[in-house]
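J.: generate coordinates for the sequence data below:
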Amino acid sequence: MLPMFERLLAALLVACALPAVAVEVKDDLGTVTQIATPPQRIVSLLPSLTETVCELGACARLVGVDRYSNFPAQVNALPKVGGMDDTNVELIASLKPDVVLVAVSSRVSERLRALGMKVVALEPRSYKDVQRVLDVLGRVLGVNDAQRVWRYIDAGVKAAASSVPAQAHGVRVYYEVASGLWAAGESSFMGETLTRLGAGNIIPANLGPFPKINPEFVVKANPALIMIGSRGAEGLAQRPGWDRIDAIRRGRVCVFKPEEGDILSRPGPRMAEAAQIMARCLREKAS
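T.: Here you go, the predicted model:
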């Protein structure tokens, strides 16, 4: 009988000789992709996916990202392959990726597939989406227990909620996510965070996650608190009729800096930090 060490070594050699088990993943477009081995060269075309790849310990496998991916800092040294409307397909091809991660709304998925690249389309918009995307990316990357990231997010949001005083509960919020009056509805991940913090939302779930809102709708809803990015905040009180809104009359407007806007707008590992930013707004402006 072989000594214990030799038996362990023999078992290890056998395990190493076994072929990797391929996995099949279905993306948000319903496309099924076979991943033979965990990809070592990844291009990500959505900031939230970039951040999730890095949080799952695979940042070193990224070889290119979209122009808006800027966290963690190390991704800023990678080739930038453009944005949603001007993705540089030739540059992506030159990077020889094993897989390309794209948004569902990306216009280049079919072109990339036509060039023989594996493409996985994922675009989380709700808490459940974030959990599901973690599972898919964990399988793509060959990472065990990808849900550990979700447990961290969930615990962080709970901690943020506990910091919101009772007098801020139920305050009716209008959250403008982009210029042109694109709002965060109750069914969006931002809206779900507001709900978990105990706040109300003037944008009902039946309008969708991120609907474009008529300015008169906001005037009639008369929110007690407004959350908005610094780019959209300029001239807020000068919008027709908005000087009558309770939030503006009482100075209950939280203006988020660009770096805060990045955190708040990305459904990924920094959602707990986003909840803390919203909670601070509620503490300072609504209590």
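
J.: only C-alpha atoms from now on, for both contacts and neighbour counts.
T.: Fine.

J.: for the closest residue to G142 other than its chain neighbours, give me its contacts.
T.: In space, not counting the residues next to it along the chain, G142 is nearest to P38; the distance is 5.4 Å by C-alpha to C-alpha, 6 or more residues apart in numbering. Applying C-alpha atoms under 8 Å, 6 or more residues apart in numbering, one finds that P38 lies in contact with 140-142.

J.: and if you look at V108?
T.: Listed by C-alpha under 8 Å, 6+ apart, the contact set of V108 reads 87, 89.

J.: do you know how far it is from V65?
T.: From V108 across to V65, the span is 14 Å (C-alpha to C-alpha, to the nearest Å).

J.: V219 contacts I245, doesn't it?
T.: Yes: under the criterion of C-alpha atoms under 8 Å, V219 is in contact with I245, at a separation of 6.0 Å.

J.: now the helices for the protein?
T.: Here the chain has its helices, by DSSP state H, at 4-17, 47-55, 89-94, 109-114, 127-141, 147-162, 189-196, 215-221, 230-233, 246-249, 258-264, 271-285.

J.: now those as TSV including mean neighbour count?
T.: Below are those laid out as TSV (neighbours: other C-alpha atoms under 10 Å):
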stretch	mean neighbour count
helix 4-17	11
helix 47-55	23
helix 89-94	14
helix 109-114	14
helix 127-141	20
helix 147-162	17
helix 189-196	23
helix 215-221	14
helix 230-233	15
helix 246-249	18
helix 258-264	17
helix 271-285	21
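
J.: out of those helices, which gets the lowest mean score?
T.: Here the lowest mean pLDDT among the helices of the chain goes to helix 4-17, at a mean of 46.

J.: grab the nearest non-local neighbour of P97.
T.: By the measure of C-alpha to C-alpha, 6+ apart, the closest residue to P97 outside its immediate chain neighbours is R41, 4.8 Å from it.

J.: and the gap between the residue lying closest to A146 once chain neighbours are set aside and S105?
T.: With C-alpha to C-alpha, 6+ apart as the criterion, A146 has its nearest non-adjacent residue at 5.2 Å, and that residue is G138. From G138 across to S105, the span is 22 Å (C-alpha to C-alpha).

J.: what of A77?
T.: Counting by C-alpha to C-alpha, the separation of A77 from S105 is 26 Å.

J.: repeat that for I228.
T.: Here the criterion is C-alpha to C-alpha. By it, I228 lies 24 Å from S105.

J.: got it, and S287?
T.: Remark: distance between S287 and S105 (C-alpha to C-alpha) = 39 Å.

J.: do the same with L78
T.: Using C-alpha to C-alpha, one gets 23 Å for the distance from L78 to S105.

J.: between these two, which one's more packed in?
T.: The residue with more neighbours, out of L78 and S105 and counting by other C-alpha atoms under 10 Å, is L78; that gives 16 against 12.

J.: which residue is the nearest non-sequential neighbour of that one?
T.: For L78, the spatially nearest residue (C-alpha to C-alpha, 6+ apart) is G64, at 5.4 Å.

J.: just checking, the one you found touches L95?
T.: Yes: in this structure, G64 sits in contact with L95. The criterion is C-alpha under 8 Å, and the distance is 7.4 Å.

J.: who has more neighbours out of these two?
T.: A direct count of neighbours by other C-alpha under 10 Å for G64 and L95 places G64 higher, at 26 against 15.

J.: for the more buried one, give the beta-bridge partners.
T.: When bridges are called by DSSP bridges, G64 pairs up with V43.

J.: OK, contacts around it?
T.: If you count contacts by C-alpha under 8 Å, 6+ apart, then G64 has 42-44, 78-81, 92, 95 around it.

J.: as a markdown table, the residues you listed with distance to W150 would be great.
T.: Output for these, formatted as a markdown table (distance: C-alpha to C-alpha, whole Å):
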| residue | distance to W150 |
| --- | --- |
| I42 | 22 |
| V43 | 23 |
| S44 | 20 |
| L78 | 27 |
| P79 | 29 |
| K80 | 28 |
| V81 | 29 |
| I92 | 30 |
| L95 | 31 |
